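**Q** Here is a sequence together with a model predicted from it:
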There are 2 protein chains.
Amino acid sequence: MNRAPAEEPRWLTDEEQVVWRSFLDATRLLDDHLDRQLQRDAGMPHLYYGLLVVLSETPRRRMRMTELARQAKITRSRLSHAIARLEKNGWVRRENCPSDKRGQFAVLTDAGLEVLRQAAPGHVAAVRQALFDRLTPEQQKSLGEIMQIVAEGLQPKEAGADLPWLR
Amino acid sequence: MNRAPAEEPRWLTDEEQVVWRSFLDATRLLDDHLDRQLQRDAGMPHLYYGLLVVLSETPRRRMRMTELARQAKITRSRLSHAIARLEKNGWVRRENCPSDKRGQFAVLTDAGLEVLRQAAPGHVAAVRQALFDRLTPEQQKSLGEIMQIVAEGLQPKEAGADLPWLR
DNA sequence: CCCCTCTGCTTGAAAGTTAAACAACGTAGG
DNA sequence: CCTACGTTGTTTAACTTTCAAGCAGAGGGG
């Protein structure tokens, strides 16, 4: 049997600790801030807003469920519930996929596009004010590179990877 | 009456869009990843683990509820629920504050400390593997600076700020 | 064609979070 | 004192997310 190696783990250094805490604090606060802003101004959480945005940028304002889950980095289950709620609001409707009878499209309705148009300016302003306006161009660039690396690291190309939208 | 200015909002540039999407993707994936890791290895979500960590670093392994909420950047309501759950697990217990009869301390139990000890190595490893090991020292430094700025920007010192732990 | 497996998506229950209201205590001013 | 108001923490209900099945259609041998 495999005995656990029981080596002393590589704890975070003091500097790393500080970085990590700042990261947790910033993301928690930012998430909270944007969720609140959108709940107030658009009547939905940030994630749901993001789904509408993705749909709005798509050729016929529609996308297959799994693909939408992949873009949003969430599970299909979560997406199912979210779309159900957005459907109840009249902002999204479902359509069957002609080529695969199991498939569903989520389609952004006119009402959905309208809600987006209403909320977008306030939302961009909030994002700018909380993030971009506080950073130098170099920091913005650096942030982009870092986040790109982390995001890619967490969605490896290999088969069998534990990706939310495949759970 | 104030007429809305209705100026064209400053939309995100293409570069900013890319940065912002990467940020959302990375944080969403990382959150999911660590939540899963801790749910599997410690039987609790990341946030709850963080509460135990904070308590463990405190003089007598205890902290007032509001102060704990402030450190964790969450609402007192959320904390109340979280502590109730951790209490049910036997990892935290509540104690009355002698000097203020409204006050409560959350106290880390021995069992709580033990669960932390068990889970900590795996958790550090996960954080390293997903974040620190992928970044150069310069990037780590930059990330720290950026996150510090964002976090501070979202918790202004002025009275009347909408901070989660004061809601 | 049949069987088996895989894929796409949904469902219902449990767990976690939010928002609003509340009880109880502290505190400052009259 | 005593009143008014702020603070501390909890509670309820509504909402969101997760987890574990589950169902129906696609796909690939035999």
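**A** Nice, I can see it.
**Q** which regions of chain A sit below the pLDDT cut-off?
**A** A:1-6 (pLDDT under 70).
**Q** what number of residues lie near the residue in chain A positioned nearest to DNA strand C?
**A** Residue nearest to DNA strand C within chain A: residue A:66 (3.1 Å; CB to the nearest atom of the strand). Backbone N, C-alpha and C define where each C-beta goes, glycine included. Using other CB atoms under 10 Å in any protein chain shown, the number of residues around residue A:66 comes to 14.
**Q** That one belongs to a helix, doesn't it?
**A** Yes - under DSSP: H, G, I helix; E, B strand; the rest coil, residue A:66 falls within a helix.
**Q** Quick check: it touching residue A:74?
**A** No - applying CB atoms under 8 Å as the test, residue A:66 and residue A:74 come out as separate, 10.9 Å apart.
**Q** Quickly list what's touching both of these two.
**A** Common neighbours of residue A:66 and residue A:74 (criterion: CB atoms under 8 Å, 6 or more residues apart in numbering or on different chains): residue A:165.
**Q** Quick check: the gap between the residue nearest the centre of chain A and DNA strand D.
**A** With distances taken as CA atoms, centre = their mean, residue A:72 lies nearest the centre of chain A, 4.4 Å away. From residue A:72 across to DNA strand D, the span is 10 Å (CB to the nearest atom of the strand, to the nearest Å).
**Q** what residues are up against that residue?
**A** A:47, A:50-51, A:54, A:79, B:28.
**Q** Go again with 6 Å.
**A** Shown in contact with residue A:72 (CB atoms under 6 Å, 6 or more residues apart in numbering or on different chains): residue A:51.
**Q** what's the distance between it and residue A:32?
**A** Going from residue A:72 to residue A:32 by CB to CB, to the nearest Å gives 19 Å.
**Q** need the helices for chain A, in chain order.
**A** With DSSP state H as the criterion, chain A has helices at A:14-42, A:46-56, A:65-72, A:76-88, A:110-130, A:137-153.
**Q** tilt between the third one and helix A:76-88?
**A** It refers to helix A:65-72. 100 degrees (axes from the mean of the first three to the mean of the last three CA atoms, to 10 degrees).
**Q** buried stuff in helix A:65-72?
**A** Buried residues in helix A:65-72, counted by 16 or more other CB atoms under 10 Å in any protein chain shown: A:65, A:68-72.
**Q** do the fourth one as well
**A** Within helix A:76-88, the residues that qualify as buried by neighbour count (16+ other CB under 10 Å) are A:76, A:79, A:82-83, A:86-87.
**Q** residues near residue A:91, how many?
**A** Neighbours of residue A:91 (other CB under 10 Å): 25.
**Q** Skipping adjacent residues, who's closest to it in space?
**A** With sequence-adjacent residues excluded and distances taken as CB to CB, 6 or more residues apart in numbering or on different chains, residue A:91 is closest to residue A:112, at 3.4 Å.
**Q** and what of residue A:167?
**A** residue A:75 (5.2 Å).
**Q** Get me the contact residues on chain A for DNA strand C.
**A** Within chain A, the positions near DNA strand C by CB under 7 Å from any atom of the strand are A:32, A:35-36, A:39, A:64-67, A:76-77, A:79-81, A:83-84, A:94, A:97, A:100, A:102-104.
**Q** and these near chain B, which?
**A** residue A:32 (CB under 6 Å from any CB of the partner chain).
**Q** out of the residues of chain A next to DNA strand C, which touch DNA strand D?
**A** Near DNA strand D, by the rule CB under 7 Å from any atom of the strand, you find A:77, A:81, A:100, A:102 out of the residues of chain A next to DNA strand C.
**Q** from these, which is closest to residue B:165?
**A** residue A:81 (28.8 Å; CB to CB).
**Q** hang on, the earlier thing: figure out which of the helices of chain A is closest to residue B:122.
**A** helix A:14-42 (15.6 Å).
**Q** and that closest one, which residues are buried?
**A** Residues of helix A:14-42 classed as buried: A:16, A:19-38, A:41-42 (neighbour count, 16+ other CB under 10 Å).
**Q** Ok, stretch A:103-111 next?
**A** Residues A:104-109 are the ones in stretch A:103-111 that count as buried (16+ other CB under 10 Å).
**Q** again, but for stretch A:40-51
**A** For stretch A:40-51, by 16+ other CB under 10 Å, it's A:41-42, A:44-51.
**Q** cool, and stretch A:115-133?
**A** Within stretch A:115-133, the residues scored as buried using 16+ other CB under 10 Å are A:115-116, A:119-121, A:123-124, A:126-128, A:130-132.
**Q** just curious, which of those residues is nearest to chain B?
**A** residue A:121 (3.8 Å; CB to the nearest CB).
**Q** Let me see the contact set for the closest one.
**A** By CB under 6 Å, 6+ apart, the contact set of residue A:121 is residue B:9.
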